[in-house]
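Asker: coords please:
(2 chains)
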Amino acid sequence: MFAYLVRRLFLMLVTLFGISIVIFFLLRIVPGNIVDILFAAAGYVDPADKANLEKELGIDQPLIVQYWHWISGFLRGDFGYSYVSEKPALQEILPRIPITARLAGLALLFSASIGIPLGVISAVKQGTKLDYALRVVSLSGLSLPSFWLGLLILTAAVAMFGQIPIFNPNPQTWLEAFTTYAVPAAAVGFRSAALTMRITRSSMLEVLRQDYIRTARAKGASDAAVNYHHALKNAILPVITVIGIEAAFLIGGLIVTETVFNIPGVARFLVEAIRWRDYPIVQNLVMFIAVVVVFANFTVDMLYAVFDPRIRYTD
Amino acid sequence: MANKSDLVLDVKNLKTVFFTNSGLFKAVDDLSFTVKRGETLAIVGESGCGKSVTALSLMRLVPDPPGRIVGGSVTLEGTDLLALDEAQMRAVRGNRISMIFQEPMTSLNPVIRIGDQIVEAVRLHRNLSRKEAGEIAVEMLRLVRIPEPARRAREYPHQLSGGMRQRAMIAMALACRPALLIADEPTTALDVTIQAQILALILDLQRELGTGLVLITHDLGVVAQTAQRVIVMYAGRKVEEAGVEALFAAPKHPYTRGLMASIPAVPASGAPAQARLNEIPGTVPSLVRLPQGCAFAPRCKLAVKRCEAEYPPLADWGGGHLAACWRAEEVAEVA
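Answerer: This is a model prediction of the structure:
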């Protein structure tokens, strides 16, 4: 087990290294840099000024040197300065992380706590009207993009209450915090809940046919014990996989949702930074997201072993 | 004749049907039999003759839809199980009547420890703490002769061999000391060497605990070793019932005779091996389109006009030897 963990951590480092190269060079392929953008906005171009500014920011150097400069700083914990605000990149990124983390956490919580039970119910009541209704709702969840759903929610709020929910940066109570995040989290979590429900349903249908389910009934176990104890315990693995993947995909949904709901999280900040070609912010932020995703995958793999005793990570 | 109170199970005119796309079929049709305390009743027949559906009907575990028990009664220790509601039936299942299945590899829940699966069976029916039930679970594993039962109780099914898993299934089924145990082909999926051990174990425990046993099998060798009485089923109906000696000595139904002839004989040393195994020609008819008369008639060498027109009644040939055949008398002569 220890050797497995060491090997696994090593692989994660290799993955992150690969990601750092992809981020860096993709960002350089995008035409223009911050200097071009600034000068284009000013409408006046003095090549000497431009060269000066590029030199000052270090973006006149060969790409390899620039990459080395960034990655060595990253490893030392020196994340550089934002081109736009000229503040340390860390100072710009850190305060925004909890906002997005809460949003993402709540969205995942919705997806699991709504998707899994509904999936079980849908499977147990297969072929009934309830099953069909749940499947139609989940299909709509899969087909509605979250930004569109967000807009619908805002429009509905205006139509019904005459106002839209404003993001409250300093909630005083738990309830206030929940109401601040619940609506955007629901908008972005609806899709994952729908997906979780469908996977839970199909996985449960597979498991409910198994011999050990009949054994459980033959013991005299109740329907609830059969469905949630015997069946769900076996059906949960694919669901965990999907929730793990969704956790990574969520960031994409959050970018638009944060924009639609005007929430100052990292996702919206990232879009802003890309627009300005603010390399230090984009590189470090994407790298941070990559670390989160890699660790989410690692957690999912470890959870397999927790839920299925047949899976053991040996050397 | 047995004393009434000796009867553990009394099945009368049981009828289970399945509604399928190709029509309704009677998987079990008008089946009656009894099991006494400590008695072993074997139910034999080919695949698809209704043996397993009979077992599931007794447990009221026939998948509905498509199946449904539409008639008869199943009286266990004086209670008609078919009259109970689902909650009452749950209190009986695994408690007074329990079942072991054919596939030990897939019949235990792979993600729950062996001990916990037995503990669950105990605690569903006995008001015991987790710890007390755990002790019973280990005791049951010892009873089914699993070595190091305390350690095995903490293991998962995949860590046990097929024979061990079937022993664990038996331990689970008997944990609440049921009055009736149904064993549906309990040894079919096991190695030949293990089969004999498991059968001997079931019989020992049955004797020890005084459990009535319904043993479902297609293997007449198993029947001869274990049962006191035998029911032969064909196309959902009982075609013959007799004590085991009477049945093997003088089968009255051509189908039973065919089953016996299909057992390959071991040639005496020096004698030439039998050129070809005996078989019953044809297959079990589709239950959706059963012939009007005897369902076995199309495969029967003795069949006459009457067999195809009228279903023969179960007639008593003395000593509780029942057979449903118009030509039962000739069966013995043909042999």
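Asker: pLDDT-wise, which helix or strand of the chain ranks last?
Answerer: Going with chain A. helix A:34-42 (a mean of 76; mean pLDDT, DSSP states H and E).
Asker: just want the angle from the following helix or strand past that helix to helix A:34-42.
Answerer: Going down the chain from helix A:34-42, the next helix or strand is helix A:47-57, by DSSP states H and E. Orientation check (axes from the mean of the first three to the mean of the last three CA atoms, to 10 degrees): helix A:47-57 against helix A:34-42 gives 140 degrees.
Asker: now helix A:47-57: buried residues?
Answerer: A:53-54, A:57 (16 or more other CB atoms under 10 Å in any protein chain shown). Every residue, glycine included, has its C-beta placed from N, CA and C.
Asker: and B:F25, how close does it get to B:F33?
Answerer: 21 Å (CB to CB, to the nearest Å).
Asker: which one's more surrounded, these two?
Answerer: Of the pair B:F25 and B:F33, B:F25 is the one with more neighbours under other CB atoms under 10 Å in any protein chain shown, namely 21 against 18.
Asker: the helices in chain B, which residues?
Answerer: Here chain B has its helices, by DSSP state H, at B:51-59, B:86-92, B:104-107, B:114-125, B:130-143, B:149-153, B:162-174, B:192-209, B:220-226, B:244-249, B:254-261, B:305-309, B:328-334.
Asker: could you give me the average pLDDT of the last one?
Answerer: Helix B:328-334 shows a mean pLDDT of 68 in the predicted model.
Asker: for stretch B:285-304, same thing?
Answerer: 78.
Asker: how near is the residue sitting nearest the centre point of chain B to chain A?
Answerer: Closest residue to the average C-alpha location of chain B: B:I216 at 2.2 Å, with CA atoms, centre = their mean. Remark: distance between B:I216 and chain A (CB to the nearest CB, to the nearest Å) = 14 Å.
Asker: which strand residues bridge that residue?
Answerer: B:I43, B:D184 (DSSP bridges).
Asker: OK, contacts around it?
Answerer: By CB atoms under 8 Å, 6 or more residues apart in numbering or on different chains, the residues touching B:I216 are B:42-44, B:51-52, B:54-55, B:182-185.
Asker: just A:V35 next, same as before
Answerer: A:50, A:53-54, A:57, A:59.
Asker: neighbour count, distance to A:L250 and pLDDT added to the contacts of B:I216, as TSV?
Answerer: TSV is the format used below for those (neighbours: other CB atoms under 10 Å in any protein chain shown; distance: CB to CB, whole Å; pLDDT from 0 to 100):
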residue	neighbour count	distance to A:L250	pLDDT
B:A42	26	60	92
B:I43	28	57	93
B:V44	24	59	91
B:K51	25	53	87
B:S52	21	48	88
B:T54	27	53	92
B:A55	22	49	91
B:I182	28	51	93
B:A183	28	52	92
B:D184	21	48	90
B:E185	20	50	88
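Asker: from those, which single one is nearest chain A?
Answerer: Within the contacts of B:I216, the smallest distance to chain A is 8.9 Å, found for B:I182 (CB to the nearest CB).
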